[in-house]
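> What follows is a predicted protein model with its sequence.
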Number of protein chains: 2
Amino acid sequence: MGARIEADYLIETAEDPRRAAETMAGEQSSGTFVPVPGETADLKQRAGARVERLEVLEQCAAPSLPGASRPQGSAIRRALVTLSWPLENLGPSLPNLVATVAGNLFELKAFSGLRILDIRLPEAFGTAYPGPRFGVEGTRRLSDVWERPLIGTIVKPSVGLSAEETASLVGELARGGIDFIKDDELQSDGPACPFEARARAVMRVVNDEAQRRGKKVMFAFNLTGDLDQMRRRHDLVRDLGGTCVMASLNSVGLVGMIELARHSELPIHAHRNGWGYLSRHPALGWSYIAWQKLWRLAGADHLHVNGLKNKFSEDDDSVIASARECLTPLLAEKPCIAMPVFSSGQSALQPPETYRRLGSADLIYAAGGGILAHPQGVAAGVASLRGSWEAAMSGVPLEECARTHPALAAALQSYGG
Amino acid sequence: MGARIEADYLIETAEDPRRAAETMAGEQSSGTFVPVPGETADLKQRAGARVERLEVLEQCAAPSLPGASRPQGSAIRRALVTLSWPLENLGPSLPNLVATVAGNLFELKAFSGLRILDIRLPEAFGTAYPGPRFGVEGTRRLSDVWERPLIGTIVKPSVGLSAEETASLVGELARGGIDFIKDDELQSDGPACPFEARARAVMRVVNDEAQRRGKKVMFAFNLTGDLDQMRRRHDLVRDLGGTCVMASLNSVGLVGMIELARHSELPIHAHRNGWGYLSRHPALGWSYIAWQKLWRLAGADHLHVNGLKNKFSEDDDSVIASARECLTPLLAEKPCIAMPVFSSGQSALQPPETYRRLGSADLIYAAGGGILAHPQGVAAGVASLRGSWEAAMSGVPLEECARTHPALAAALQSYGG
């Protein structure tokens, strides 16, 4: 018996759920909308997808998505389905994995809801793909931050600063004790702030401050672009002594990310902007649990997971599940652990709950407005985050800690309102 | 005044629509969830996104997507919004365009629905990207099919046939007079049917039949994979005398597609499998009108649009609008016309209505089961499609044409039930 790929789905259908699951298996392997002569029993046995598990759940009052068929009088039911495919069909190829486990499924008339919940892959994928080359350990080594989260921020305003203005803000943040800074995902290489000018200006300041402090701020330069551009920008950052590059996953796509990771000598900060269009509807698209596996195998070292009480629509349970998954081994022989990045509306308020629920400090904690809009300035913003995490990890309530920590006290007052 | 990028959205919000639109503009340019010191009026003027148009539409009874904020007692309203950005922010970069016009927007709490409807780009994008190198004209030249659609099919069963079995089916189809054949999107380079063996076996037959018929079947080999694999596979197809390669857009991503197009000396058949997870919910994700522009600029020569009365959930109006858009110039100086591919549950039944509604024969008409499951065999399947298109284009009703056309008559009976 050869190795098989498995995928779990939530489905919603007005058909018999067993029959609907068989339709999925057919559509994504040897079947089509009518029987064709070549689809013999032997071929089906060899190449067909199989329904491994089916668990029928509750009925729903109305279809979640339009366009589904509904035989008269039939109830709409949800179900959990697990399909499997022989690895022989596609080999350990990430792009072809996407066509196989996702592909046309979401358009099928039989379904008024279809969401991919998880995938399980044979070890061969770990041989074919690099996985994160730095992960938690490499990121800690390059940033020299141990046994606590990296405290980070995003350059704000996201766009509009010149290269020199960006560098000046970076200097202020470095002197304030920041560990990690990233470009905003909107800032890459526009004429208003060209990548090369920004990288040179920022790294001059980062290197100067590193000499002074004996510790180098990790700056994730957003090199998102065409492949040759990304490679050139990576090489420039490396040559300037930089320690991180950033790419927007949904902008570059899988092949872009695989190529960048193969080329990169620096950790890759993987930004998931666009994630909402893949996941916002609970009965459609991708769960983060399934989706992030693709990118970890491709080579993402840091993966965004939003944060507790974020400015977006994602709830806290989902955020914690996402972060935990990044820290859970993907394959036995290649765990592909990526560092979760908490970001989006974060400030000194959320660390205690974040630490309590995640049970780990292996993360990057990035606050944009939460540092840059601190009423006492940038250094106080950084100090408030550091203070909040120290309180969180030593089990001291924030309010107690704030009594002797003016920056934290100001943050609680400013962001708590 | 520099050039600007524009994007149109459908939004659904319980906030004041004007304020919600301003939130979008802020989030996707110089703003964040709190004011930051650096966001001066001058910077905002220079780099901020602008709300160009706002048209408030109907109220809705319930939110389309969960997780949105809803101030007590407030009504949920839909609106059309147009935003614009200075090209200076990002330059003519397709990956960064995606981060800018889509990015984090779909996750924002202010919205219970957000869909990107269209984008309009400055001519600079046409200078930066190749666009389709073959399009309608190049495809007709290579396939020697003029003034009518290319009649095509998909190898079925999709997976499970060996290289030799695939070639044998291709021979049968070529002798039946087919113009175009494609691999299924599930078949690329698995151990069960390796790409190289399949390409060699298929091209042997294609070349033999071309010698006999004086006309070469266009076979779109699915080379979806990592970049080096795609380049090697392309070179093999070219060296064997092949005339088309195929890639799954959502599997390879934008950077993969751009690189493939820069490398390719053959038309690129762009498969949109996965499209459902981007578009199935009408208040989320991407419209095809917006999305296909990215891929045409990147270099797609053929683009899938489903077909009338397809096996999926898409309605006919949407199919026709998609196909029309592929044939509409994208930029004044670089029209980027791509050939629409009608596929999914197609047979001899749909051509008259397709021609009547599209008003053009510049398309590929691909029927899998509609040819391979024809009761009189593959050659009759091809003949029935040819007959149906001839009837469509000369304005003769199908039933009338079928009286003297046994293959068409059999198709109408077989697929019409």
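That came through fine.
> what sits against the nearest residue to residue A:53 once chain neighbours are set aside?
Using CB to CB, 6 or more residues apart in numbering or on different chains and skipping the chain neighbours, the partner closest in space to residue A:53 is residue A:82 (4.0 Å). (C-beta placed from N, C-alpha, C; glycine too.) Taking CB atoms under 8 Å, 6 or more residues apart in numbering or on different chains as the contact definition, residue A:82 lies against A:6, A:7, A:8, A:9, A:51, A:52, A:53, A:54.
> quick one: which of these sit in strands?
Filtering the contacts of residue A:82 for membership in strands, criterion DSSP state E, returns A:6, A:7, A:8, A:9, A:51, A:52, A:53, A:54.
> Please enumerate the helices of the stretch 251-400 of chain A.
Along the stretch 251-400 of chain A, counting by DSSP state H, counting those that start in this stretch, helices occupy A:275-279, A:288-298, A:316-326, A:351-358, A:369-372, A:378-394, A:398-402.
> The longest one: which residues count as buried?
If you call a residue buried by 16 or more other CB atoms under 10 Å in any protein chain shown, then helix A:378-394 has these buried ones: A:378-389, A:391-392.
> and what of the third one?
Within helix A:316-326, the residues that qualify as buried by neighbour count (16+ other CB under 10 Å) are A:316, A:318, A:319, A:320, A:322, A:323, A:324, A:325, A:326.
> Is chain B within reach of it?
No: contact between helix A:316-326 and chain B, assessed by CB under 8 Å from any CB of the partner chain, is absent, since the two come no nearer than 9.5 Å.
> For whatever residue of chain A ends up closest to chain B, give its distance to residue B:175.
Each residue of chain A has a distance to chain B, by CB to the nearest CB, and the smallest belongs to residue A:253, at 0.9 Å. Residue A:253 sits 39 Å away from residue B:175, taking CB to CB, to the nearest Å as the criterion.
> same deal with residue A:369?
68 Å.
> Between the two, which is the more surrounded one?
The residue with the greater number of neighbours, taking residue A:369 and residue B:175 and applying other CB atoms under 10 Å in any protein chain shown, is residue A:369; the counts read 22 against 16.
> For the more buried one, which non-adjacent residue is closest in space?
Looking at residue A:369 with CB to CB, 6+ apart, the closest residue is residue B:34, at 3.9 Å.
> Please apply the same query to residue A:187.
Computed as CB to CB, 6+ apart, the closest residue to residue A:187 that is not its neighbour in sequence is residue A:159, at 5.3 Å.
> what sits against that neighbour?
By CB under 8 Å, 6+ apart, the residues touching residue A:159 are A:184, A:186, A:187, A:190, A:192, A:193, B:29, B:30, B:47, B:89.
> list the contacts for residue A:2?
For residue A:2, the residues meeting the contact criterion (CB under 8 Å, 6+ apart) are A:86, A:87, A:88.
> three-state assignment of it?
The assignment at residue A:2 comes out as coil when based on DSSP: H, G, I helix; E, B strand; the rest coil.
> So it versus residue A:85, what's the distance?
The value you get for residue A:2 to residue A:85, if CB to CB is used, is 10 Å.
> Now for the contacts of residue A:2, which sits with the most neighbours around it?
By neighbour count, taken as other CB under 10 Å, the most surrounded of the contacts of residue A:2 turns out to be residue A:86 (23 neighbours).
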